[in-house]
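Asks: Give the three-dimensional model of this entry:
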Amino acid sequence: MTKNEVQQRWLNKPFYFFKILMWATGCGKSLPALKSIHNKQTLIVLSQLLHENNWRKEAIKWNIDLSTVTFVCYNSLIKHKDTDWDLIILDEGHRWIDNWTETLPQFNSKELIVLSGTLSSDAVKKMYIIGKPQIDVITTEMAVEWGLLPEPQIKIFQLVLDNIKVNQVFEKGKAKHKKTESCTYQEWLNKWIRVKGDKRPNLQISCTAYQYHQLLVNDIDWAKDKAIKTKDENLWRRVKMLGNQRKSWLASIKTQLVRELIKKLHGKRVVVFANDILQAEMFDVNAVHSKNKRGQLIIEEFNTYKRDLLVSVRQLQESMNLVEPEVGIIVQLNNSKESGKKQVSIKNQQSLGRILRHVSPTLYLFVFKNTQDEVYLNKFMESINPDWFTYITLNDI
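Replies: This is a model prediction of the structure:
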């Protein structure tokens, strides 16, 4: 089956007011959406305005008139509720679910098309606020089996937290009315762990990476246990904050290993999904992120073969067509959600989808053993074909 056949099959279906194209990234779901316009008064809703240029390029490529189209970001959607729309297209429909499912019932529109590579069960349930959707699904596995997409190689570097070098400092407490003292991890275990409340100063604990992780996990477990017992929303917010802190820290201690991998991949077309702006700029000063106004130009340079390295922070996962990226690197895996009987790993699968434009794509993952990384990896492996995954070391490159 070809992309054209898949797209035409969908276009030939009888009219239905609310359709969802849940097609894997790279299957070409934007073209049938564009072909649905036909001079209709159309609103195309984007997760970020950077993606408008991509839509316009696709329209030019397929000779589609956009003169009746208005582009808007999800966070400005409400401003357009007083216009009568023939067609509304939601790009990356898994984003801002609570926003648009509550806002769109206020709109007067004849037709709604939702585009998404991946939707969780919760997301689909919320869409029923608008009406019963007609869902067309093409998973990554289906697309590979049909020959729409190449079979990827997903290579995992399994890492171990170091417990020899004392090169981390864990901050325990930040109360302004307390003094701050430094101590070793052993001093924390022998003395300070038993001192409670105002009797204990803010501490800066010198420790190994393994010990830092233990301290962080202990704080998360304590907050989670208290939140369950007290049902205190502030404690649940603290659990989430500490979870994000753990995720960011795990990403930060992978930086040097990722730099080594990038060097080894010299000469290949590489896309790196960094965890934050600071890390991204360590890989490339011209990284694409929200504070770099040259982002579109940098992407164009990659797509026209003027550069072979493209580093981004939350800018490339969605709605961006990249030209022949051979290799993808995910520094920090993300969590997955339930989708029927399977997991749906939205951000991870979007990152994978960016490199499926190449005939032989490879995706590299960095995973610390016995950490939350492994939980994310296992769920990612549940969301797609586990046979695509292999474990390697840097010496294998």
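Asks: just checking, what packs against the helix or strand where Leu377 lies?
Replies: Using DSSP states H and E, Leu377 sits in helix 372-383. Where contact means 3 or more Cβ pairs under 8 Å, 6 or more residues apart in numbering; DSSP states H and E, helix 372-383 is packed against helix 233-252, strand 342-344, helix 346-355, strand 362-368. Every C-beta, even on glycine, is put in place using the N, C-alpha and C of the backbone.
Asks: In the stretch 51-200 of the chain, where is pLDDT below threshold?
Replies: For the stretch 51-200 of the chain, applying pLDDT under 70 flags no range at all.
Asks: Parallel or antiparallel, list what pairs with the next helix or strand after the helix holding Leu377.
Replies: Counting by DSSP H and E, the element after helix 372-383 in chain order, helix or strand, is strand 389-392. The pairing partners recorded for strand 389-392 under DSSP bridges are strand 153-159 (parallel).
Asks: Residues touching the partner strand, excluding its own?
Replies: The contact list for strand 153-159 (Cβ atoms under 8 Å, 6 or more residues apart in numbering) reads 254, 257, 261, 352, 360-369, 377, 388-394, 396.
Asks: Now do the helix holding Leu377 and helix 346-355, the angle between them.
Replies: Relative orientation of helix 372-383 versus helix 346-355 (axes from the mean of the first three to the mean of the last three Cα atoms, to 10 degrees): 70 degrees.
Asks: which of the residues in helix 372-383 are buried?
Replies: By 16 or more other Cβ atoms under 10 Å, the buried positions in helix 372-383 come out as Gln372, Asp373, Tyr376, Leu377, Lys379, Phe380, Met381, Ser383.
Asks: Closest to Lys293 out of those?
Replies: Taking Cβ to Cβ as the measure, Lys293 lies nearest Tyr376 of these, at 31.9 Å.
Asks: If we ignore the residues flanking it in sequence, what's nearest the closest one?
Replies: Nearest non-adjacent residue to Tyr376, counting by Cβ to Cβ, 6 or more residues apart in numbering: Leu333, 3.9 Å away.
Asks: got the contact list for the one you found?
Replies: Asn348, Leu365, Val367, Asp373, Tyr376, Leu377, Phe380.
Asks: want to try TSV for the residues you listed, with distance to Trp188 and pLDDT as columns?
Replies: What follows is the contacts of Leu333, written out as TSV (distance: Cβ to Cβ, whole Å; pLDDT from 0 to 100):
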residue	distance to Trp188	pLDDT
Asn348	35	80
Leu365	33	97
Val367	28	97
Asp373	25	96
Tyr376	28	93
Leu377	30	95
Phe380	34	91
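Asks: for the residues you listed, which one is nearest Lys291?
Replies: Nearest to Lys291 among the contacts of Leu333, counting by Cβ to Cβ, is Asn348 at 24.3 Å.
Asks: neighbours around Tyr185, how many?
Replies: Close neighbours of Tyr185, defined as other Cβ atoms under 10 Å, add up to 19.
Asks: Strands of the stretch 51-200 of the chain, residue ranges please.
Replies: 69-73, 84-85, 87-90, 108-109, 112-115, 134-138, 153-159, 168-172, 180-184 (DSSP state E, counting those that start in this stretch).
Asks: correct me, but Glu388 touches Pro150?
Replies: Wrong residue type there; residue 388 is Trp, not Glu. No. Between Trp388 and Pro150 there is no contact under Cβ atoms under 8 Å: 10.9 Å.
Asks: of all the helices and strands packed on helix 372-383, which lies closest to Lys191?
Replies: The nearest among those, by Cβ to Cβ, is helix 233-252 at 23.4 Å.
Asks: and that closest one, how far out from the chain's middle?
Replies: Relative to the mean C-alpha coordinate of its chain, helix 233-252 is positioned 17 Å out (Cα atoms, centre = their mean, to the nearest Å).
Asks: Give the burial count for Gln350, as a bare number.
Replies: Neighbour tally, Gln350, other Cβ under 10 Å: 23.
Asks: sorry, that was for Trp100
Replies: For Trp100, using other Cβ under 10 Å, the count is 24.
Asks: Pick the most buried one from the helices and strands packed on helix 372-383.
Replies: helix 346-355 (a mean of 24; mean count of other Cβ atoms under 10 Å).
Asks: Tell me what angle it forms with strand 362-368.
Replies: On the basis of the same axes, to 10 degrees, helix 346-355 is oriented at 150 degrees to strand 362-368.
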